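Enquirer: take a look and give me a structure for this.
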Amino acid sequence: MTNASDIKYVGVDDHSIDLFEGMYAVPNGMSYNSYVIMDEKIAIMDTVDVGFTAKWLHNIQNVLGNRKPDYLIVQHMEPDHSANIMNFIEKYPETILVASAKAFKMMKNYFGTEFEENRIVVADGDMLSLGQHKLFFATAPMVHWPEVIVTYDSTAKALFSADGFGKFGALDVEEDWTCEARRYYISIIGKFGAQVQRFLQKIVAWDIQMIYPLHGPVLSDNIAHYIGLYNTWSSYQPEEEGVVIAYASTYGNTKNAVILLQEKLKEKGCPNVVVYDLARCDMSEAVEDAFRYRKLVLASITYNADIFPCMREFINALKERNFSNRIVAFIENGSWAPIAATVMRENLEKSKGIIFTDTFVTILSVLNEKSMTQLELLAEELMRR
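Expert: Numbering: from 1, shown residues only. Have a look, this model is predicted:
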């Protein structure tokens, strides 16, 4: 009887990369995952980044031995997974490509051909038999490109999930899955929550005991936990109780107010208080935690009759990812015409399910008795809500 032991890993780890997609810091590198399903017929699941062509092909050869692959299944056309399609076909010209119709159109853009003479176009519900392994396909548009498909191996009870359930970090580094998977999800897929919800509805009928993503480790324990996290993230619900305070300060006076609010919240028993200096932090970490916790405090100086640039960048990053269903409070600072709270609120007013606190804090240059009283009232309101 065949099972998951027929699935072989042929992917690679990348420790030369510093910014994934040219923007997200990946201090522990990235994995580009590819798999081989060995059966009467052999399927290769996706390729890898162009920088690892030789290593990937070598890995495949080691698994295949004297055999040749029958299919190359292309689930996602982003270059870190599709760059070696042509290199693979040149080495194994009799292999049949399996992908969605939209993926083949993208291949025309990348490679100048849609492989019309050597392909199988698949859509929802289609099945490909390798022998004992039966592969069922489902489209997953905008998770996170429009051409994406996922593949369910009913024999191994395994879901090949494309970029879904992936994470930052190479496989040879041990780290907490949830933290880097959450940052990956919010950063890369976060805008497309409605599409992820539809994707989850499609896969619920499958008995999934293992998940093979294109980034990060194979998931094999408590699959319901990972699917539950994706349901929470894609429905824009908070994962935990707590307060994120994100601030922009020039001379330290706004920072002083943030530190005082942090102390007050901890004294009152707030379970989690996380603070980010937006001018210095990893913005993707701050965005991740804004989605993780239920409450957010934005603290900014008034700058050029507006808000500080890094605060605007942060708010834009939240809106781009459909930030919603949160409680939001404001701290503003200005020496003569403080308007930061008004600007920040206007920027978030169209976001769904945002509840603004009744209390906000106005600092005129430095904390005084009035603004410290406002901080106390804000801390009390945040604890009540």
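
Enquirer: report all helices and strands that the helix or strand of the chain at the bottom of the mean pLDDT ranking contacts.
Expert: Using mean pLDDT, DSSP states H and E, strand 306-307 stands out as the lowest-scoring helix or strand of the chain, at a mean of 94. Where contact means 3 or more CB pairs under 8 Å, 6 or more residues apart in numbering; DSSP states H and E, strand 306-307 is packed against helix 340-348. For glycine as for every other residue, the C-beta is placed from the backbone atoms N, C-alpha and C.

Enquirer: which residues touch the helix it packs on?
Expert: The contact list for helix 340-348 (CB atoms under 8 Å, 6 or more residues apart in numbering) reads 298, 300-303, 306-308, 311-312, 315-316, 318-319, 323, 328, 330-334, 354, 356, 360, 362.

Enquirer: before we move on, back to that, partner strands of the least confident helix or strand of the chain and their direction?
Expert: Paired neighbours of strand 306-307 in the sheet (DSSP bridges): strand 293-303 (antiparallel).

Enquirer: the least confident helix or strand of the chain: how far from the chain's middle?
Expert: Centre-to-centre, strand 306-307 and its host chain are 29 Å apart (CA atoms, centre = their mean, to the nearest Å).

Enquirer: and for stretch 273-284?
Expert: 18 Å.

Enquirer: next, the buried residues of that stretch.
Expert: Of all the residues in stretch 273-284, those buried under the rule 16 or more other CB atoms under 10 Å are Val273, Val274, Val275, Tyr276, Leu278, Met283, Ser284.

Enquirer: with stretch 52-69 instead?
Expert: Neighbour count says stretch 52-69 has Phe52, Thr53, Trp56, Leu57, Asn59, Ile60, Val63, Leu64, Pro69 buried, by 16+ other CB under 10 Å.

Enquirer: stretch 129-148 now?
Expert: Residues of stretch 129-148 classed as buried by neighbour count (16+ other CB under 10 Å): 130, 133, 135-148.

Enquirer: which one of these sits closest to Ile189?
Expert: His144 (4.5 Å; CB to CB).

Enquirer: quick one: the helices in the stretch 251-385 of the chain?
Expert: With DSSP state H, counting those that start in this stretch as the criterion, the stretch 251-385 of the chain has helices at 253-267, 283-292, 309-320, 340-348, 369-384.

Enquirer: include mean pLDDT and distance to Gly242 when you put these into a markdown table, please.
Expert: Formatted as a markdown table, those follow (pLDDT from 0 to 100; distance: least, CB to CB, whole Å):
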| stretch | mean pLDDT | distance to Gly242 |
| --- | --- | --- |
| helix 253-267 | 98 | 9 |
| helix 283-292 | 98 | 8 |
| helix 309-320 | 97 | 16 |
| helix 340-348 | 97 | 19 |
| helix 369-384 | 97 | 10 |
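
Enquirer: just put these in TSV and tack on distance to Glu175.
Expert: Shown next, in TSV, are these (distance: least, CB to CB, whole Å):
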stretch	distance to Glu175
helix 253-267	26
helix 283-292	14
helix 309-320	23
helix 340-348	32
helix 369-384	31
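
Enquirer: so which of those helices comes closest to Pro27?
Expert: Smallest distance to Pro27 across those (CB to CB): 11.4 Å, for helix 283-292.

Enquirer: the strand or helix carrying Gly193 - contacts with which helices or strands?
Expert: For Gly193, the host element (DSSP states H and E) is helix 193-203. Packing partners of helix 193-203 (3+ CB pairs under 8 Å, 6+ apart): strand 134-139, strand 149-153, helix 223-234.

Enquirer: and stretch 66-81, how far from the chain's centre?
Expert: 23 Å.

Enquirer: do stretch 4-17 as well
Expert: Centre-to-centre, stretch 4-17 and its host chain are 20 Å apart (CA atoms, centre = their mean).

Enquirer: also stretch 317-334?
Expert: That offset, for stretch 317-334, works out to 19 Å (CA atoms, centre = their mean).

Enquirer: quick one: buried residues of it?
Expert: Neighbour-count burial for stretch 317-334 [16+ other CB under 10 Å]: 317-318, 321-334.

Enquirer: start and end of it, how far apart?
Expert: 24 Å (CA to CA, to the nearest Å).

Enquirer: got the phi/psi numbers for the spatially most central residue of the chain?
Expert: Centroid check for the chain by CA atoms, centre = their mean gives Tyr185 as the closest residue, at 1.5 Å. The phi/psi pair for Tyr185 (degrees, to the nearest 10) reads phi -60, psi -50.

Enquirer: tell me the pLDDT at it?
Expert: Tyr185 is assigned a pLDDT of 98 by the prediction.

Enquirer: ok, now which ones touch it?
Expert: Tyr185 makes contact with Tyr230, Trp233, according to CB under 8 Å, 6+ apart.

Enquirer: would you mind measuring from it to Phe165?
Expert: In this view, Tyr185 and Phe165 are 9 Å apart by CB to CB, to the nearest Å.

Enquirer: common neighbours of these two, please.
Expert: Taking CB under 8 Å, 6+ apart as the contact rule, Tyr185 and Phe165 both touch Tyr230.

Enquirer: in stretch 355-371, what's buried?
Expert: Thr357, Thr359, Phe360, Val361, Thr362, Ile363, Leu367, Ser371.

Enquirer: now the end-to-end length of that stretch.
Expert: Start to finish, the residues bounding stretch 355-371 are 22 Å apart (CA to CA).

Enquirer: what does stretch 141-149 give?
Expert: By CA to CA, one end of stretch 141-149 lies 7 Å from the other end.

Enquirer: what helix or strand is Arg67 located in?
Expert: For Arg67, there is no host helix or strand (DSSP H and E).

Enquirer: could you do Lys102 as well?
Expert: Going by DSSP H and E, Lys102 is in helix 101-111.

Enquirer: residues of that helix that come out buried?
Expert: For helix 101-111, the neighbour count (16+ other CB under 10 Å) marks Lys102, Ala103, Phe104, Met106, Met107 as buried.
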